[in-house]
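**Q** No sequence on hand, only this structure:
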């Protein structure tokens, strides 16, 4: 909804004999622009002819007595999107209002916005590459496809069973069902027992085929993981990671992307599980034309900023509160 604000500027003086005309002009402008009356209604109220009212309004605008300013409810969000772009690392930011202090409700709104963006981006024949996680699951929940799309949905990582949002096969199947497309399943764990076992898994024909399709995707939808917070989903991915928190902190890890642990500059950390990760590499991920990151919540702000610094995404979808926290952290870094 827009709102028109009218400013009447009395600085233009007039000879005494024209005071009556000036007063009529002012009345006509107020009645027309502030009260919304038609020229015919104004003519009746002021006892003037309609052509006279028309001339008064026209002359008032010529004299600069009326200023119209359009205020949009999304203007602050657009400003925030521009500020996020100015930080660098992304070419598009979509910020939605923070509709609730409840993190699940806020994430739902972000997921719905990312789902609308995905519908706008895809065409028949496209391949969509995804991760698991709460953010991508929120996108799937928000999908309302206007028609069936002939698309493929491909996991970008190995699979972790147990929780519905960590199971990338489950999430990809749900997305394909909602879009009317086809999902591919990956039959490999997210983490191998060693780097040698990882190499063996990656080269298995069924796994290699899935990752080749993922590399050739047009669009990627991924979550952005926090690491050093109690609500981090990363510790749902591997049984030993929660007991290895000290090693994770020593590695300098600040965030997670495709289960790769990254530092505050968005660079891969020297952490043991990174070498046994069954996933697209970040170099492979970079070749995907459109990469959309989805995240919200105060604990996601630093991870998002780290991912932006690493230039890993094209598009960020988040909410207003998270966006403001990202900007605040970036400003604190500049002052330090």
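**A** Arrived safely, thanks for sending. None of the values given here were measured: they were computed from a predicted structure. Numbering: from 1, shown residues only.
**Q** All the helices of this structure, residue numbers only.
**A** Applying DSSP state H to the chain gives helices spanning 19-29, 39-46, 50-62, 75-87, 103-121, 134-142, 168-179, 195-203, 205-215, 245-250, 272-275, 282-286, 301-309, 320-335.
**Q** May I see the ones you listed organised as JSON lines, with mean pLDDT and mean neighbour count added?
**A** For the C-beta atoms, the positions are set from N, CA and C on the backbone; glycine is no exception. Converted to JSON lines, the helices of the chain look like this (pLDDT from 0 to 100; neighbours: other CB atoms under 10 Å):
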{"stretch": "helix 19-29", "mean pLDDT": "86", "mean neighbour count": "17"}
{"stretch": "helix 39-46", "mean pLDDT": "93", "mean neighbour count": "16"}
{"stretch": "helix 50-62", "mean pLDDT": "91", "mean neighbour count": "16"}
{"stretch": "helix 75-87", "mean pLDDT": "90", "mean neighbour count": "15"}
{"stretch": "helix 103-121", "mean pLDDT": "94", "mean neighbour count": "20"}
{"stretch": "helix 134-142", "mean pLDDT": "95", "mean neighbour count": "24"}
{"stretch": "helix 168-179", "mean pLDDT": "96", "mean neighbour count": "21"}
{"stretch": "helix 195-203", "mean pLDDT": "93", "mean neighbour count": "14"}
{"stretch": "helix 205-215", "mean pLDDT": "96", "mean neighbour count": "16"}
{"stretch": "helix 245-250", "mean pLDDT": "79", "mean neighbour count": "14"}
{"stretch": "helix 272-275", "mean pLDDT": "87", "mean neighbour count": "17"}
{"stretch": "helix 282-286", "mean pLDDT": "96", "mean neighbour count": "15"}
{"stretch": "helix 301-309", "mean pLDDT": "96", "mean neighbour count": "24"}
{"stretch": "helix 320-335", "mean pLDDT": "90", "mean neighbour count": "16"}
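**Q** For residue 282, give me its contacts.
**A** Residue 282 makes contact with 257-258, 260, 268, 310, 312 under the criterion CB atoms under 8 Å, 6 or more residues apart in numbering.
**Q** check contacts around residue 91.
**A** Neighbours of residue 91 in contact, by CB under 8 Å, 6+ apart: 85, 314-315.
**Q** which one of these sits closest to residue 115?
**A** Distance to residue 115, by CB to CB, is smallest for residue 315 among the contacts of residue 91, at 13.2 Å.
**Q** quick one: contacts for the closest one?
**A** Counting by CB under 8 Å, 6+ apart, residue 315 makes contact with 90-94, 117, 290-293.
**Q** Could you rerun that using 6 Å?
**A** Residue 315 makes contact with 92, 292, according to CB atoms under 6 Å, 6 or more residues apart in numbering.
**Q** Could you give the bridge partners of it?
**A** Beta bridges link residue 315 to residue 92, residue 292, judged by DSSP bridges.
**Q** Which pLDDT value does the model give it?
**A** At residue 315 the predicted local confidence, pLDDT, stands at 97.
**Q** Repeat that for residue 232.
**A** In this model, residue 232 is scored at 59, pLDDT.
**Q** Next: residue 155.
**A** Note for residue 155: predicted pLDDT of 97.
**Q** what about residue 67, how many neighbours?
**A** By other CB atoms under 10 Å, the residues close to residue 67 number 13.
**Q** no no, residue 316
**A** Applying other CB under 10 Å, we find 29 residues neighbouring residue 316.
**Q** contacting residues for it?
**A** By CB under 6 Å, 6+ apart, residue 316 lies in contact with 90, 93, 293.
**Q** Pretty sure the first one sits against residue 311.
**A** What that stands for is residue 90. No. Contact between residue 90 and residue 311 fails when scored by CB atoms under 6 Å: they sit 8.3 Å apart.
**Q** Comparing these two, which shows the higher neighbour count?
**A** It is residue 90, of residue 90 and residue 311, that has more neighbours when counted by other CB under 10 Å, with 21 against 12.
**Q** Which pLDDT does the model give that one?
**A** At residue 90, pLDDT is 97.
**Q** any idea which of the contacts of residue 282 has the most stuff around it?
**A** Sorting the contacts of residue 282 by how many neighbours each has (other CB under 10 Å) puts residue 257 first, at 25 neighbours.
**Q** Is that residue bridged to anything, and to what?
**A** Legend: beta-bridge partners of residue 257 under DSSP bridges are residue 260.
**Q** In terms of pLDDT, where does it sit?
**A** Model confidence at residue 257, given as pLDDT, is 95.
**Q** cool, the one 4 residues further on as well?
**A** In this model, residue 261 is scored at 93, pLDDT.
**Q** Is there a neighbour count for it? I'd like the number.
**A** Neighbours of residue 261 using other CB under 10 Å come to 24.
**Q** Quick one: residues contacting the closest residue to it other than its chain neighbours.
**A** Closest residue to residue 261 in three dimensions, ignoring its sequence neighbours and counting by CB to CB, 6 or more residues apart in numbering: residue 253, at 4.0 Å. Residue 253 makes contacts with 227, 261, 269, as judged by CB under 6 Å, 6+ apart.
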